[in-house]
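J.: Coordinates for the following, if possible.
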Amino acid sequence: MGKTDFYIFLNNFFSNGNLVSNNLKCPTSSAAEIPEGIGYKIPAENNSYTKVCIEKAVEEEDKYKRVVSFRSDGWVNNKKQTTHFQVVVGTDAIPDQLRYAVSSNDSGSLYFHGGVEVTGDIKSAANIHVSKKAYSGWDYNPSWHDSVALKLNPTIGSISSKIIFSESTSKLFYYNQSLSHTSSGPNRGIIYSPTVNNTFSISNHTQIKSLLTKSEKLNVLSKVLTEDVVDVESEVEKIYYENKYTSTLKGANITGHSSNLNKSKESVTLIYNDCISYSNNKPYSCVKYGLGETQLNIKSLNTAEIQGTYYINGNVNIENVNLKSNAILYVNGDVNIRFSTLTELKKDSSLIIFASGSIFIANISEYSNTPSTIKGFFYSQNDMTLYGVGSNIKIIGGIASKNLYLTALRGNVSNNNFKVNETTQLNSDSRLQIIYDENIIKQYTDFRRDEKEEFITQLNEPEVIKRY
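T.: Next up, the predicted model:
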């Protein structure tokens, strides 16, 4: 149903009158027993049972969610135990890939090398690979460094963090040694088999928890996941064909502060190359032919500022710059961010990137003990690689791609000295932190208002936020 109808539905369903008429409302006194015909009765063995009713429902900050307070009376051997639960139900009405701190899509896997730290849920469309070794240098000729394994933390208000697999047959592969690699040919890169040390099925919850660093509050599950691939090329093509915006750049080579990029938050800019082919006087191949060419190049030792929404037909290269941003970029190509620092343009601003090609982020706040902290979300239809060995970066928001490669040490490092002992790393901050922040969702929707009524097709998984 449409968002407006869904909002009305929530209000009607959880209204006090409807709860009473549908026999879902708990007795006014918590001491009173839940009478017959009220709530739901769940039978168990030996005449034991549980009865559940709704005490109240409160609208959350998000208008499409409700915090529902349930009361549960469990009866065993004629003795009652009452438990109260607060559960968030409803929907974000946002793309599914924005629901997780880290996720892979399109049958891709997650690869965690070394002491990466994630606060929030992770989702894998295939398998998960976890290694206690971090690597620096290119992935097809890496130098391996002793580290610790991935650490997962629950977000504020959540009882536990979750590892979500899309298939029950998916596995977690664990490595505690340097991996081999091939440096040539079409499949150059790290070789993950046969050097795997242990393989764990999803049912091995206890073993998986023991492998990860201080990740006791953890649930491992599988569920059917909806397709969540963003067609970035179509997004860019749509804006290109409409061609209705006056603030358009035919390529942009930025070597410092530029008024061409620091526009208002509401501005929309199309950056593209000249058309190569036409069909019926329409530039049908402009976007496709733009791939492989850098159309936005921000390269400077000085500060560069970018603000607004940008549709870019081609690659984006950000290098040797202190980038201050409050922008969303739709990139029909690759994104390369290196040898830079990333910061907010102003309080509560963000950087959100959707790319059809790959995303590569490295050498960010290199060798610094203070991370580049950026509120944002990075999405790639292809693969994404993020380094946190020499780099030091904290992403408050989330990341998603097909195959996702993350590598990090914990603690302080210096140029060409990555030797940090395991004890120190266990008690130090990761140099690559991804912290889920649902406020990024609100910023995303603020940037991109729906031009027409958006339909809600699924609900979020209910989440218990309090039990007492």
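J.: For N197, grab the count of nearby residues.
T.: Per other Cβ atoms under 10 Å, the neighbour tally for N197 reads 12. C-beta coordinates here come from the backbone N, C-alpha and C atoms, glycine included.
J.: brain fart, F70
T.: Neighbours of F70 under the rule other Cβ under 10 Å: 21.
J.: again with D348
T.: By the measure other Cβ under 10 Å, the count of residues near D348 is 11.
J.: Quick check: it vs N326, distance?
T.: 9 Å (Cβ to Cβ, to the nearest Å).
J.: which residue packs closest to Q307, ignoring adjacent ones?
T.: N326 (4.6 Å; Cβ to Cβ, 6 or more residues apart in numbering).
J.: Correct me if wrong: that neighbour contacts I352.
T.: No: between N326 and I352 there is no contact under Cβ atoms under 8 Å: 9.9 Å.
J.: one step back: what about the residue nearest to Q307, distance to I395?
T.: Counting by Cβ to Cβ, the gap between N326 and I395 amounts to 16 Å.
J.: ok, these two, which is more surrounded?
T.: Per other Cβ under 10 Å, whichever of N326 and I395 has more neighbours is I395, with 28 against 24.
J.: Okay, now the unreliable bits of the stretch 51-200 of the chain?
T.: Scanning the stretch 51-200 of the chain for pLDDT under 70 picks out 61, 93-97, 157, 186.
J.: ranges for the helices of this structure?
T.: 3-13, 16-21, 205-211, 232-242, 286-290, 422-426, 439-447 (DSSP state H).
J.: list the buried ones in the fourth one?
T.: Judged by neighbour count (16 or more other Cβ atoms under 10 Å), helix 232-242 contains these buried residues: 232-233, 235-237, 239-240.
J.: sorry, back to before: out of the helices of the chain, deepest packed?
T.: Stretch with highest mean neighbour count among the helices of the chain: helix 286-290 (a mean of 21; mean count of other Cβ atoms under 10 Å).
J.: low-confidence ranges in the stretch 251-400 of the chain?
T.: Scanning the stretch 251-400 of the chain for pLDDT under 70 picks out the ranges 251-259, 273-294, 301.
J.: circling back: any chance of CSV for the helices of the chain, columns distance to K402?
T.: Below are these laid out as CSV (distance: least, Cβ to Cβ, whole Å):
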stretch, distance to K402
helix 3-13, 29
helix 16-21, 44
helix 205-211, 23
helix 232-242, 12
helix 286-290, 19
helix 422-426, 29
helix 439-447, 20
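J.: closest one to D62 among those helices?
T.: The closest of these to D62 is helix 439-447. By Cβ to Cβ, the value is 8.2 Å.
J.: For the stretch 351-468 of the chain, which segments count as strands?
T.: In the stretch 351-468 of the chain, the strands defined using DSSP state E, counting those that start in this stretch lie at 351-355, 359-364, 372-380, 384-388, 393-401, 404-408, 432-436, 463-467.
J.: can you redo those strands as TSV with distance to S166?
T.: Formatted as TSV, those follow (distance: least, Cβ to Cβ, whole Å):
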stretch	distance to S166
strand 351-355	21
strand 359-364	21
strand 372-380	17
strand 384-388	18
strand 393-401	13
strand 404-408	14
strand 432-436	19
strand 463-467	19
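J.: mind checking which of those is nearest L212?
T.: Closest among the strands of the stretch 351-468 of the chain, using Cβ to Cβ: strand 404-408, at 13.7 Å.
J.: Please enumerate residues in contact with the closest one?
T.: Outside strand 404-408, the residues that touch it by Cβ atoms under 8 Å, 6 or more residues apart in numbering are 102-104, 108-117, 134-136, 139, 147, 383-389, 430-432, 434.
J.: Just to check, S178 is in contact with W144?
T.: Yes: at 3.8 Å, S178 counts as touching W144 under the criterion of Cβ under 8 Å.
J.: where's the residue located most distally from the centre of the chain relative to N46, distance?
T.: For the chain, the residue at maximal distance from the C-alpha centroid (Cα atoms, centre = their mean) is N78, at 47.0 Å. Taking Cβ to Cβ as the measure, N78 falls 11 Å from N46.
J.: now do I337
T.: From I337 across to N46, the span is 62 Å (Cβ to Cβ).
J.: Please say which of those two ends up with more neighbours.
T.: Neighbour tally, I337 and N46, criterion other Cβ under 10 Å: the higher count belongs to I337, 24 against 7.
J.: how near is the more buried one to L386?
T.: According to Cβ to Cβ, I337 stands 10 Å off from L386.
J.: overlap in contacts of those two?
T.: 361-362.
J.: how close does N427 get to K151?
T.: N427 sits 11 Å away from K151, going by Cβ to Cβ.
J.: swap that for Y311, sorry
T.: According to Cβ to Cβ, Y311 stands 37 Å off from K151.
J.: of the two, who's got more company?
T.: Using other Cβ under 10 Å as the criterion, Y311 and K151 rank with Y311 on top: 25 against 20.
J.: Please report how far the more buried one lies from I440.
T.: On the measure of Cβ to Cβ, Y311 and I440 end up 20 Å apart.
J.: same question, S183
T.: Separation of S183 from I440 (Cβ to Cβ): 38 Å.
J.: For S414, give the beta-bridge partners.
T.: N417 (DSSP bridges).
J.: since we're on it, how many residues are nearby?
T.: If you count neighbours by other Cβ under 10 Å, S414 ends up with 10.
J.: What score does it have for pLDDT?
T.: On the pLDDT scale, S414 is placed at 88.
J.: could you measure it against S201, distance?
T.: Taken as Cβ to Cβ, the span from S414 to S201 is 41 Å.
J.: which residues does L110 contact?
T.: Counting by Cβ under 8 Å, 6+ apart, L110 has contacts 102-104, 122, 124, 127-129, 403-404, 406.
J.: which one of those is nearest E33?
T.: Relative to E33, the closest of those is I122; by Cβ to Cβ it sits at 42.3 Å.
J.: for the closest one, what are its contacts?
T.: Counting by Cβ under 8 Å, 6+ apart, I122 touches 100-103, 110, 128, 152, 161-164.
J.: for it, which residues make a bridge with it?
T.: V102, I163.
J.: Quick check: it vs I361, distance?
T.: The spacing between I122 and I361, counted by Cβ to Cβ, is 18 Å.
J.: now Q381
T.: Between Q381 and I361 the distance is 16 Å, computed by Cβ to Cβ.
J.: who's more crowded, these two?
T.: Neighbours were counted for Q381 and for I361 using other Cβ under 10 Å; I361 has more, 25 against 22.
J.: wait, doesn't that one sit right on S340?
T.: No: applying Cβ under 8 Å as the test, I361 and S340 come out as separate, 9.1 Å apart.
J.: In the stretch 1-150 of the chain, what residue spans correspond to strands?
T.: Secondary structure of the stretch 1-150 of the chain (DSSP E, counting those that start in this stretch): strands at 40-43, 49-59, 65-76, 79-90, 102-104, 110-114, 117-119, 122-124, 128-131, 133-136, 143-146.
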